[in-house]
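Trainee: okay, predicted coordinates and the sequence, questions at the end:
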Amino acid sequence: MQTFLKIALYFHIAAGFLALVTGLIPMFTKKGGKAHVLWGKVYFWAMFVVALTALMRFQMKLNLIFLAGIAVFSFYNTFTGVRLVHRKEHGKPIFIDWFASILGVICSLGMVYFSYLAYKIDNVFYIVLFLVFGIFMFVLVFEDLRIFAGSKSIESAEGTPVPVRYWFQNHISRMGGSYIATVTAFLVVNNPPYIPGLVVWLAPGVIGGVIISRTRAYYHKKFAKTTM
């Protein structure tokens, strides 16, 4: 068993490093170009391996439970980011979209539950982490489910092409969120002892969120000019 866990850890580290490096390429290459698509696929499968190996190493310990939850959270962002591109021609979600979102709901509620368990043993560190990431994931998944069910309009009728502003902007948010999680994991592993753990876990999300917000605003203005 220990050999299996060690091998899974090696694959996890290798895939995480690959994702950390290749995730930058689609950001700085022409959107929709060959390099963007190619390295985007490499990043997707690297993140898939990261999530899979994290789940393979799952044990009933708070740190490993949290890492498994983060792995699911990260890959959910990656998966839905890619699915937005596939769904741009057809607004209607398919089974795999629903399935991923339902798993996302289960994972997010599970993280909130483990926040409660951390509270019972007075572990403030994991109370905050489970709660923050659990609620954030639930908000993302709930938005997706509302759109799938038709409760939230995206300016497109069911089964018709998804508006470019919606899928493109949210593709940026989801893939950006996925990459933030990758950077966060790297910083946590290499965290200097003088930086508080919560800062390392939460600061990349705050900084990355600002960058994503500004990027979305930039493309929003760009789209507005092209439609004038």
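Mentor: Happy to help now that I have it. Quick caveat, the model's predicted, so the values are computed rather than measured. Numbers count the residues shown, from 1 in each chain.

Trainee: so, low pLDDT: which residues of the protein?
Mentor: Within the chain, the stretches with pLDDT under 70 are 89-91, 151-165, 224-228.

Trainee: and the helices in it, which stretches?
Mentor: Remark: helices assigned in the chain by DSSP state H are 2-22, 24-28, 34-56, 62-86, 95-120, 124-149, 164-189, 197-226.

Trainee: how close does Val105 sit to Val141?
Mentor: Counting by C-beta to C-beta, to the nearest Å, the separation of Val105 from Val141 is 5 Å. For the C-beta atoms, the positions are set from N, CA and C on the backbone; glycine is no exception.

Trainee: and these two? which has more neighbours close in?
Mentor: For Val105 versus Val141, the count of surrounding residues by other C-beta atoms under 10 Å is larger for Val141: 23 against 15.

Trainee: looks like that one contacts Ile106 (just checking).
Mentor: No. Between Val141 and Ile106 there is no contact under C-beta atoms under 8 Å: 9.4 Å.

Trainee: who are the contact partners of Val183?
Mentor: Contact analysis of Val183 by C-beta atoms under 8 Å, 6 or more residues apart in numbering lists Leu20, Pro204, Gly208.

Trainee: and those, which is closest to Arg214?
Mentor: Gly208 (10.8 Å; C-beta to C-beta).

Trainee: need the contact list for the closest one.
Mentor: By C-beta under 8 Å, 6+ apart, the contact list for Gly208 reads Gly176, Gly177, Tyr179, Ile180, Val183.

Trainee: burial check on the first one, number of neighbours?
Mentor: Right, the one you point to is Gly176. Neighbours of Gly176 under the rule other C-beta under 10 Å: 21.

Trainee: distance of it from Val37?
Mentor: In terms of C-beta to C-beta, Gly176 sits 17 Å off from Val37.

Trainee: just the CA coordinates for stretch 102-117, please, in CSV.
Mentor: Listed next in CSV are the C-alpha coordinates belonging to stretch 102-117 (Å, rounded to 0.1, in the frame of the first residue of the first chain):
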residue,chain,number,x,y,z
ILE,A,102,-23.8,17.0,-9.2
LEU,A,103,-20.4,15.7,-8.1
GLY,A,104,-19.4,19.3,-7.5
VAL,A,105,-22.4,19.8,-5.2
ILE,A,106,-21.5,16.7,-3.2
CYS,A,107,-17.9,17.8,-2.9
SER,A,108,-18.7,21.3,-1.9
LEU,A,109,-21.2,20.2,0.8
GLY,A,110,-18.7,17.6,2.0
MET,A,111,-16.1,20.4,2.4
VAL,A,112,-18.6,22.4,4.5
TYR,A,113,-19.3,19.3,6.6
PHE,A,114,-15.6,18.8,7.3
SER,A,115,-15.4,22.4,8.2
TYR,A,116,-17.9,21.6,11.0
LEU,A,117,-15.8,18.5,12.0
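
Trainee: what comes up buried for that stretch?
Mentor: By 16 or more other C-beta atoms under 10 Å, the buried positions in stretch 102-117 come out as Gly104, Cys107, Ser108, Gly110, Met111, Val112, Phe114, Ser115.

Trainee: cool, and stretch 114-131?
Mentor: Phe114, Ser115, Ala118, Tyr126, Ile127, Val128, Leu129, Phe130, Leu131.

Trainee: from Gly40, how far off is the third one?
Mentor: Spelled out, it's Ala118. Going from Ala118 to Gly40 by C-beta to C-beta gives 36 Å.

Trainee: for the fourth one, same thing?
Mentor: With the distance defined as C-beta to C-beta, Tyr126 ends up 33 Å from Gly40.

Trainee: Lys30: what's it in contact with?
Mentor: Lys30 neighbours (C-beta under 8 Å, 6+ apart): His36.
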